[in-house]
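In: just to be clear, the model below is a prediction. Sequence and coordinates:
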Amino acid sequence: MEKYLTQEEINDLLDAIRSGEIDLDSEGAGDAASDRGVEKLDLFRGQGAGRGRIANFDIILDAFARHCGISQANRLKQTVSVKRVAIETEVFENFVRNLQEHGVIAILRFEPLESGGLLILDSTLAFGLIEIMLGATTEDNLHIPDREMSIIEMNILKDVINDICADWEKAFEPLEEMQCSLVQVETNPRMVNIVTPDTEVLISRFSVNAGNLFGQMSMVMPYFALEPYKEQLKNRMLNIASLVGSRTWASELKSELVQVRTQITAQFAELSMSLRQILNLQEEDILSLDRDMDDPVEVLVGDKAKFQGVAGSKKGKKAIRITGVKNVLGGEYGIEG
């Protein structure tokens, strides 16, 4: 049977440690522990990726990446790809120490979670988004300056960050209704002390690609803020369909498509002429149309005839009153009462 220390022996040992008679940091103590195959345990810090693993949380992150890609595509008028590339855990102090220079750090509030978080855009992504929003295209060779971002530039990015907050709310909705909001934007890592230095944080990294723009984005949240959802995420009855919310991919696509802007043309008549006839046109020449003034006007959506209407005016401006919708199969107009 193994021998255990008595209470008196424990008290003597503690007194010796307090008085300095026993040096816990000595090399001999460490070597002895190593010889016995004993690993040191830090009771105050997280134990790395093993502890930070949250089952099925990657599904939430993939939904967030999908929402983020759609919202940024709408903003930039360009196809944008956002993909999850890594999920890591690290002590907050070490994470902040290794942050890239000249990036943008957004401090976020997640209600009702017990702590805030960080959204980090690397310098390439941050400056690239600003260039595009100020008139450059994603096919241009974007200029990425080697300097800190100005206050004006950070203010320009706030709309992008607010979009990303809304995307996070959509992705997290199957677990809880969350309000994600921007607190402030910083470039100095020393100004983002959202938790104590020894707190373990979960770092979700994403790649962002739009034309010639390739950048990195990270979402950082304290591990303890997500712990209450571990059992809910681990529930085997919780499938992928429920995690992406009640809105299916088809309904999500439909909701985005109806927001797309398109051109509508009211066309009264169409005339075919040779190029020579067009070149010979003179002032006050009259072009004869095979239509009466009271004939209906055809309304085109893009280049397809979709509606029929009557030309008129409203509040002093020219207008078209829709009188029928074209039957796609038969090509006829159904007159609406």
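Out: In hand now; what should we look at?
In: contacts only, for the residue nearest to His102 when sequence neighbours are not counted.
Out: Nearest non-adjacent residue to His102, counting by CB to CB, 6 or more residues apart in numbering: Ser123, 4.1 Å away. (C-beta placed from N, C-alpha, C; glycine too.) Residues counted as contacts of Ser123 (CB atoms under 8 Å, 6 or more residues apart in numbering) are Gln100, Glu101, His102, Gly103, Val104, Ile144, Met149.
In: the residue sitting nearest the centre point of the chain in helix, strand or coil?
Out: Taking CA atoms, centre = their mean, the centroid of the chain lies closest to Cys68, which sits 3.2 Å from it. At Cys68 the chain is in helix, as set by DSSP: H, G, I helix; E, B strand; the rest coil.
In: just the strands in the protein please.
Out: 81-91, 104-111, 117-121, 179-186, 200-210, 213-222, 264-267, 297-301, 304-314, 317-326, 333-335 (DSSP state E).
In: show me what the third one is packed against.
Out: The one in question is strand 117-121. strand 104-111, helix 151-172, strand 213-222 (3 or more CB pairs under 8 Å, 6 or more residues apart in numbering; DSSP states H and E).
In: now render these as TSV, adding mean pLDDT, mean neighbour count and distance to Ser272.
Out: Compiled in TSV, those are given as follows (pLDDT from 0 to 100; neighbours: other CB atoms under 10 Å; distance: least, CB to CB, whole Å):
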stretch	mean pLDDT	mean neighbour count	distance to Ser272
strand 104-111	91	20	56
helix 151-172	91	18	47
strand 213-222	92	21	45
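In: what's the closest of these to Ile264?
Out: helix 151-172 (27.6 Å; CB to CB).
In: got the CA coordinates for the closest one in CSV?
Out: C-alpha atoms of helix 151-172 as CSV (Å, rounded to 0.1, in the frame of the first residue of the first chain):
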residue,chain,number,x,y,z
ILE,A,151,-9.4,56.9,-38.7
ILE,A,152,-11.2,57.7,-42.0
GLU,A,153,-10.3,54.3,-43.5
MET,A,154,-11.4,52.5,-40.3
ASN,A,155,-14.8,54.4,-40.5
ILE,A,156,-15.2,53.2,-44.1
LEU,A,157,-14.8,49.6,-42.9
LYS,A,158,-17.4,49.9,-40.2
ASP,A,159,-20.2,49.1,-42.7
VAL,A,160,-18.4,45.9,-43.7
ILE,A,161,-18.0,44.9,-40.1
ASN,A,162,-21.7,45.6,-39.4
ASP,A,163,-22.5,43.2,-42.3
ILE,A,164,-20.3,40.5,-40.8
CYS,A,165,-22.0,41.0,-37.4
ALA,A,166,-25.4,40.4,-39.1
ASP,A,167,-24.0,37.3,-40.8
TRP,A,168,-22.8,35.9,-37.4
GLU,A,169,-26.3,36.4,-35.9
LYS,A,170,-27.8,34.4,-38.8
ALA,A,171,-25.3,31.6,-38.3
PHE,A,172,-25.8,31.4,-34.5
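In: returning to that earlier point: next one: the residue nearest to His102 relative to Lys234, how far apart?
Out: 37 Å (CB to CB, to the nearest Å).
In: enumerate every residue touching Arg97.
Out: Pro189.
In: and for Lys306?
Out: Applying CB under 8 Å, 6+ apart, one finds that Lys306 lies in contact with Val299, Leu300, Val325, Lys326.
In: and of those residues, the nearest to Ile54?
Out: Distance to Ile54 across the contacts of Lys306 (CB to CB) is lowest for Val325, with 50.8 Å.
In: count of neighbours near the closest one?
Out: Residues lying near Val325 (other CB atoms under 10 Å) number 14.
In: and if you look at Gly69?
Out: Residues contacting Gly69 under the criterion other CB under 10 Å number 20.
In: same check, this time on Arg75
Out: Neighbour count of Arg75, defined by other CB under 10 Å: 15.
In: for Ala55, see how far away it is.
Out: The value you get for Arg75 to Ala55, if CB to CB is used, is 33 Å.
In: please apply the same query to Glu176.
Out: Counting by CB to CB, the separation of Glu176 from Ala55 is 17 Å.
In: whichever of the contacts of Ser123 end up buried, select them in PyMOL.
Out: In PyMOL, this line selects whichever of the contacts of Ser123 come out buried by 16 or more other CB atoms under 10 Å:
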select buried, resi 102+103+104+144+149
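In: among the contacts of Ser123, which one lies nearest to Asp163?
Out: Closest approach between the contacts of Ser123 and Asp163, by CB to CB: Val104, at 14.2 Å.
In: now the helices and strands packed on strand 117-121 in TSV, with distance to Pro228?
Out: Formatted as TSV, the helices and strands packed on strand 117-121 follow (distance: least, CB to CB, whole Å):
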stretch	distance to Pro228
strand 104-111	12
helix 151-172	13
strand 213-222	12
